[in-house]
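Chemist: Just the structure for this:
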Amino acid sequence: MALQRFLCWRIAPLLLLMPCGFQCMSVRVLNEEPVHVIPGSSLVLQAQIEHGPLEEVSMVTWERESETGITPGKVTLATCAGKCAGTRPNGRVSLEQQGATLKIDGYSGADSGVYAVTVTDQAGAKTTAHCIVREYEAVHHVSVSINVSHSSLVCGEAWGTDPHFSWLHERVAITKAVGSVSKDGTTLFVSSSPICGHFTCMVSNKRGYSAATFTAAPCETEGKGTTVAVVCLVILLLFGGVLAFLLWRRHRYSNRGERLHEHLDDNI
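Modeler: Residues are numbered from 1 along each chain as shown. Sure thing, here's the model as predicted:
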């Protein structure tokens, strides 16, 4: 027992003299990466700073650099020291919650890149966390292609952020009789064979939507319906013409009989 106490008293000071001991300061960005921001709105990044009772935050620094690492290199956005009142170097950037929250108003494409938050303790030790920020892109270049061997239609979109896919057949939502849609919405498995009619894929996100239509041969039901309508129209026109002719003829003979009767009365 005495030996254990002796070892504890000897080891404890050594742990305290270590650079981090068992209580190193840590920082991480809470936002889910990558962060997509709509132009004109506000970018808000939140960091969580953890430290033990022996550490103190002396400075918090937020920086940004290109995602590709090309010039102009790192740009210091805001630095917070002491009580962390924060700085606003260009009127758009502010710090809150003792530097743990960075806010940039009026986001634009130039604000995209890799953001770094660096926390410095009282001994000058630094720890850094990173987060990728990108512009929220609108939907672009929607297209529909057919996979004949699998009786399916595939919808593609160029580079929109968080695209959502939906399908229409003849401007009506897809039913089980028409087919089924994959979980990600990009593929429509058509039940009928051969594929016929008009299929429209609509892709949307927070910035709008775009659509593309695949046109196959007319469905048989559509052809029959059109033929029946045309035949009915022709029959109605013929019937109407015959009826009009009979009425005209009856009216004509009726007038002729009246004139003949009047002529006989005059002769008498």
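Chemist: the strands in the stretch 51-200 of the chain, which residues?
Modeler: Along the stretch 51-200 of the chain, counting by DSSP state E, counting those that start in this stretch, strands occupy 57-65, 75-81, 93-96, 101-104, 113-121, 126-135, 143-147, 152-156, 164-169, 172-173, 179-181, 187-190, 198-205.
Chemist: Output these as TSV; include the columns mean neighbour count, distance to Glu33 and mean pLDDT.
Modeler: From N, CA and C alone the C-beta is placed, and that goes for glycine too. What follows is those, written out as TSV (neighbours: other Cβ atoms under 10 Å; distance: least, Cβ to Cβ, whole Å; pLDDT from 0 to 100):
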stretch	mean neighbour count	distance to Glu33	mean pLDDT
strand 57-65	20	14	93
strand 75-81	18	18	90
strand 93-96	18	20	90
strand 101-104	21	15	95
strand 113-121	21	10	95
strand 126-135	16	5	96
strand 143-147	14	29	95
strand 152-156	20	25	96
strand 164-169	18	21	97
strand 172-173	9	35	95
strand 179-181	17	29	96
strand 187-190	20	28	97
strand 198-205	21	18	97
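Chemist: and of those, who's closest to His36?
Modeler: strand 126-135 (5.5 Å; Cβ to Cβ).
Chemist: Return the alpha-carbon coordinates of the closest one using PDB.
Modeler: Provided in PDB are the C-alpha atoms of strand 126-135 (Å, rounded to 0.1, in the frame of the first residue of the first chain):
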ATOM      1  CA  LYS A 126      -2.700  24.900 -31.000                       C
ATOM      2  CA  THR A 127      -5.300  22.500 -32.300                       C
ATOM      3  CA  THR A 128      -7.300  22.900 -35.500                       C
ATOM      4  CA  ALA A 129     -10.400  21.600 -37.100                       C
ATOM      5  CA  HIS A 130     -11.500  21.900 -40.800                       C
ATOM      6  CA  CYS A 131     -14.800  22.100 -42.700                       C
ATOM      7  CA  ILE A 132     -15.500  22.300 -46.400                       C
ATOM      8  CA  VAL A 133     -18.000  25.000 -47.500                       C
ATOM      9  CA  ARG A 134     -19.500  25.100 -51.000                       C
ATOM     10  CA  GLU A 135     -22.100  27.100 -52.900                       C
END
